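Trainee: Here is my input, please return the structure:
(one chain, ligands or ions: 1)
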Amino acid sequence: MEKLLIVSGRVIDPAAGLDRVTDVLVVDGRIAGVGANLDAQGAERFDATGLVVAPGFIDMHVHLREPGFEHTETIETGSRAAAAGGFTSICAMPNTKPVNDSPTVTSYIIERALRTAVVNVFPIGAITKGSAGEELAAIGSMKKEGAVAISDDGRPVMNSSVMRRAMEFARAYDIPVIDHCEDLNLSAGGDMHEGLQSTRLGLRGIPGAAEDVMVARDIILSELTGAKFHVAHVSTRRSIDMVARAKAKGLHVTCEATPHHFALADEDMAPYDSNYKMKPPLRARCDTGAVIDGIAAGIVDAIATDHAPHAGSEKMQEFERCPFGIIGLETAVGLALEILVHTGRISLARMVELFTIGPARVLGIGRGRLSPGAPADITILDTDIGWTYDVNQSFSKSKNTPFDGRSFRGGPVATIVGGKLVWSRAAAGSPS
Ligand SMILES: [Zn+2]
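Mentor: Model prediction:
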């Protein structure tokens, strides 16, 4: 029997309404108990005095680039970056090469993850074949193989009739539909948020409406079909409002927000620096505020990074030519603490919820809680530790981040997956 006793930490398990200083016992990779006086004879001890002990964090929006783009990230390197960011489970978006639109690719990703990843990897299948937006992918058999959601992230389904049929299938197979909400006709040619800043910089804009009209369409289709619809990386005030109203009506609508969309606005961009180029783009300050308000009000269900590695050579091109997206696994928790918790906008327990049971509920996966018998996925935080992010020390193969050199107060200090310590700030070459 392998036993690990995590002693005297502030244990926060939002699903159980638990927030107090106590112990957690792990036996053979599963949670054996939470509380005092556990039978820990022969257990290895982890002293968590002064630290926060939480269910393992889940990032439901990650691009791992394998198969097909292994020069920018692999399942292994992405999983190591996840562990260093405090994540024990990540969801892999399907825009690989080939696209994950069939059970063969889904099972390939699961097999590779079992062999090379240090955290749990849950694949997300495509909505349409090749994410081309025309023919539906093999939704039922991908789910059977282990896909936890479907999405054409990055290549949104423009044809509303195709989306309607996808949602009908998703409803039948009880699998959530995650949409990167972007009307490609409204956003065409744009490189940043359309507003005063884009005018000043002479760059073509992507209006907030490009997101809003698709959120509206998908909420309507979700109501029509009864499908679970999840808005990826929500970024505008109007989209948050629509999600709030859909929830109030009792529809199966959820959403996630990225750290960069609550930490940065378009006016914070270093001009023409491609590390600030992503989709949806950094919005106006009022949108950033609306995302934070939505998080505080309980409208946002999860914080997700949209970790999107790109090779240096691709991101070094001029702003208009370089691809969209930034990495984010290693800075997410530090940003959430800084922007949301230390400012008093949300409680620490609410932050933990957004990284654990929040995304677990959206996906319907049995993770995100410390209940006895559950896999021992545990994230340990120090909410006061000072550290500076050095992207050259990153576990990711790619370095595209606007947060290089930023100093943080608080972050993950240890990541435990299935009872095994897979990363610790003390032991690892951590970015500190
Ligand atoms: Zn996306």
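Trainee: So which residues on this structure come close to the ion?
Mentor: 153, 180 (C-beta under 5 Å from the ion). All C-beta atoms are positioned from the backbone trio N, CA, C, and that covers glycine.
Trainee: For the chain, name the helix or strand with the lowest mean pLDDT.
Mentor: Evaluated with mean pLDDT, DSSP states H and E, the helix-and-strand set of the chain has its lowest mean pLDDT in helix 312-315, which scores a mean of 81.
Trainee: How far away from the center of its chain is that helix?
Mentor: Here the centre of helix 312-315 is set off from its chain's centre by 23 Å, with C-alpha atoms, centre = their mean, to the nearest Å.
Trainee: and whatever helix or strand comes next after that helix, what other elements does it pack with?
Mentor: Per DSSP states H and E, the first helix or strand lying C-terminal to helix 312-315 is helix 332-336. Using 3 or more C-beta pairs under 8 Å, 6 or more residues apart in numbering; DSSP states H and E as the contact criterion, the secondary-structure elements in contact with helix 332-336 are helix 259-263, helix 348-355, strand 407-417.
Trainee: now do 6 Å
Mentor: Under the contact criterion of 3 or more C-beta pairs under 6 Å, 6 or more residues apart in numbering; DSSP states H and E, the helices and strands touching helix 332-336 comprise helix 259-263, strand 407-417.
Trainee: hey, which of the ones you listed is tucked in deepest?
Mentor: Neighbour counts (mean count of other C-beta atoms under 10 Å) averaged over each of the helices and strands packed on helix 332-336 peak at helix 259-263, with a mean of 24.
Trainee: Who are the packing partners of that helix?
Mentor: Checked by 3+ C-beta pairs under 6 Å, 6+ apart, helix 259-263 has helix 285-296, helix 332-336 packed alongside it.
Trainee: Tell me which residues are up against the last one.
Mentor: Helix 332-336 has contacts (C-beta atoms under 6 Å, 6 or more residues apart in numbering) with 85, 86, 259, 263, 303, 305, 351, 408, 411, 412.
Trainee: What residues are recorded as beta-bridge partners of residue 87?
Mentor: Here residue 87 shows beta-bridge partners residue 57, assigned using DSSP bridges.
Trainee: what about residue 248, how many residues close to it?
Mentor: Neighbours of residue 248 under the rule other C-beta atoms under 10 Å: 9.
Trainee: excluding its backbone neighbours, what's nearest residue 242?
Mentor: For residue 242, the nearest residue in space outside its immediate sequence neighbours is residue 215; the separation is 5.4 Å by C-beta to C-beta, 6 or more residues apart in numbering.
Trainee: Going by neighbour count, list what's buried in the helix or strand hosting that neighbour.
Mentor: Secondary structure from DSSP H and E places residue 215 in helix 208-225. Along helix 208-225, the positions that meet the burial threshold by neighbour count (16 or more other C-beta atoms under 10 Å) are 208, 210-219, 221-223, 225.
Trainee: in the least confident helix or strand of the chain, what counts as buried?
Mentor: Buried positions in helix 312-315, judged by neighbour count with 16+ other C-beta under 10 Å: 314, 315.
Trainee: same check, this time on stretch 101-115
Mentor: Of the residues in stretch 101-115, those buried (16+ other C-beta under 10 Å) are 101, 102, 103, 105, 106, 107, 108, 109, 110, 112, 113.
Trainee: For the ion, state which of the residues you listed is nearest.
Mentor: Comparing these against the ion with C-beta to the ion picks out residue 101 as the nearest, at 16.7 Å.
Trainee: quick one: contacts for that closest one?
Mentor: Residue 101 makes contact with 126, 129, 137 under the criterion C-beta under 6 Å, 6+ apart.
Trainee: swap in residue 107?
Mentor: Residues in contact with residue 107 (C-beta under 6 Å, 6+ apart) are residue 145.
Trainee: a strand runs through it, doesn't it?
Mentor: No. Note on residue 107: no strand contains this position according to DSSP: H, G, I helix; E, B strand; the rest coil, which reports helix.
Trainee: Read off the pLDDT value for it.
Mentor: In the prediction, the pLDDT value recorded for residue 107 is 98.
Trainee: Please give me every residue in contact with whichever residue of the chain sits closest to the ion.
Mentor: When scored by C-beta to the ion, the chain has residue 180 as its residue closest to the ion, at 3.5 Å. Applying C-beta under 6 Å, 6+ apart, we find residue 180 in contact with 153, 154, 156, 232.
Trainee: And the third one, how far from residue 183?
Mentor: Noted for residue 156: a distance of 8 Å to residue 183, by C-beta to C-beta, to the nearest Å.
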